[in-house]
Each structure stands twice: as C-alpha cells, then as structure tokens.
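>>> Model the structure of this input:
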Amino acid sequence: MTTPPSGPYDGSQNPEGQQPPPPYGDQQPGYQPYNQQQQPGSYPPVPGTGAPGYGAPPPGFGPPGAPYGVHPVSGIPYSDKQKMVAGLLQIFLGGFGVGRFYIGDTQTGVLQIVVTVFTCGIGSIWGLIDGIMMLTGEPNDAQGRPLRPN
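Predicted structure coming up:
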C-alpha cells in the first residue's frame with residue numbers, strides 16, 4: 001500500500017522529468033500584474049496620475065458645457081447665477097420675490113408677491129427666511145443646476 005505525499009512538492013513524484021511549478025509568490029516568465037497590463041492601442045500608464053494610460057488633463061481644462069465649473073459632490077455644472085446675489089436680493093427685496101425671479105423661479109416669486117400683498121406686508125417674512133436659506137443652503141436655479149458659490 002502506498003501513502004500520498006504529505007510534504008512540499010520536491011519534483012520526485014514527476015515521472016516525465018518536467019520542471020516543477022514555481023513556488024507560490026514567484027513570478028512566472030512574461031507575467032505582468034493586472035493593474036500594469038497595457039491594453040492594445042493605449043498609452044503606457046503615467047505614474048501618479050490615477051488615470052491608467054492617459055495622464056492628467058492639462059490645467060484649466062474642464063468638462064464641455066460647464067463654463068463655471070462643476071459641483072464637487074454631484075458633478076452637476078454650476079449655474080450662471082450666484083448664490084450670494086440671489087440670497088441678498090431675497091433678503092432685502094423678498095416681499096417682491098426678486099431673488100426668486102433672479103434664479104428663474106418665477107412661480108415662487110409670484111406667490112411671494114401675492115402673499116405679501118394679501119397679508120399687508122406680513123408675508124414678506126417668507127422672503128426673508130427664503131433668502132437666509134439660500135445663503136446657508138445649496139439652492140438650485142430653474143434648470144436644477146446648483147448656484148455658484150460667490
């Protein structure tokens with residue numbers, strides 16, 4: 001009765017005289033790690049850029065259609081309207097909805113005028129609170145783009 005080998009492979013169990021496989025962790029000839037393999041038609045990776053095969057974009061190069069930049073979290077292009085201007089217009093002229101008209105939200109602007117007129121000016125508190133929320137929050141314009149900070 002024969003017993004199975006219990007120790008590491010030493011090549012003695014190979015009757016054809018083939019070379020034993022390399023030990024675990026050694027690299028075989030022609031081996032390249034997956035993250036360094038070059039795809040056909042691509043440039044070699046540029047170290048430190050994070051983008052395999054293309055390198056870093058040149059300075060001042062931004063996405064097309066976003067002349068004011070993009071929001072760092074959502075990636076949505078910024079509006080051409082400024083958050084500071086909209087907030088201050090809404091605080092000082094909030095009873096007339098001027099800040100809302102500035103960002104293109106005419107429906108809310110008209111509602112603020114109507115509420116201010118029907119409440120004899122008391123409804124202008126809505127415009128004041130709306131202006132403070134514009135300055136402290138992240139408001140969007142009528143197209144859903146975030147307002148530019150400053």
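>>> by contact count, what packs against whichever strand or helix holds Gly87?
Using DSSP states H and E, Gly87 maps to helix 83-92. Where contact means 3 or more Cβ pairs under 8 Å, 6 or more residues apart in numbering; DSSP states H and E, helix 83-92 is packed against helix 98-102, helix 124-136. For glycine as for every other residue, the C-beta is placed from the backbone atoms N, C-alpha and C.
>>> which other residues reach the longest one?
Under the contact criterion Cβ atoms under 8 Å, 6 or more residues apart in numbering, helix 124-136 has outside partners 83-84, 86-97, 99-100, 112, 115-116, 139, 147.
>>> May I have that helix as PDB, with CA atoms only?
Below are the C-alpha coordinates for helix 124-136, written out as PDB (Å, rounded to 0.1, in the frame of the first residue of the first chain):
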ATOM      1  CA  SER A 124     -42.600  89.400   3.400                       C
ATOM      2  CA  ILE A 125     -41.200  87.300   6.300                       C
ATOM      3  CA  TRP A 126     -41.300  84.400   3.800                       C
ATOM      4  CA  GLY A 127     -38.900  86.200   1.500                       C
ATOM      5  CA  LEU A 128     -36.500  87.000   4.500                       C
ATOM      6  CA  ILE A 129     -36.500  83.300   5.600                       C
ATOM      7  CA  ASP A 130     -36.100  82.200   2.000                       C
ATOM      8  CA  GLY A 131     -33.100  84.500   1.500                       C
ATOM      9  CA  ILE A 132     -31.400  83.200   4.600                       C
ATOM     10  CA  MET A 133     -32.000  79.600   3.400                       C
ATOM     11  CA  MET A 134     -30.500  80.500   0.000                       C
ATOM     12  CA  LEU A 135     -27.300  81.800   1.700                       C
ATOM     13  CA  THR A 136     -26.900  78.900   4.100                       C
END
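>>> I'd like the helices and strands packed on helix 83-92 as a markdown table, with mean pLDDT and distance to Ile76 appended.
Output for the helices and strands packed on helix 83-92, formatted as a markdown table (pLDDT from 0 to 100; distance: least, Cβ to Cβ, whole Å):
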| stretch | mean pLDDT | distance to Ile76 |
| --- | --- | --- |
| helix 98-102 | 95 | 19 |
| helix 124-136 | 95 | 17 |
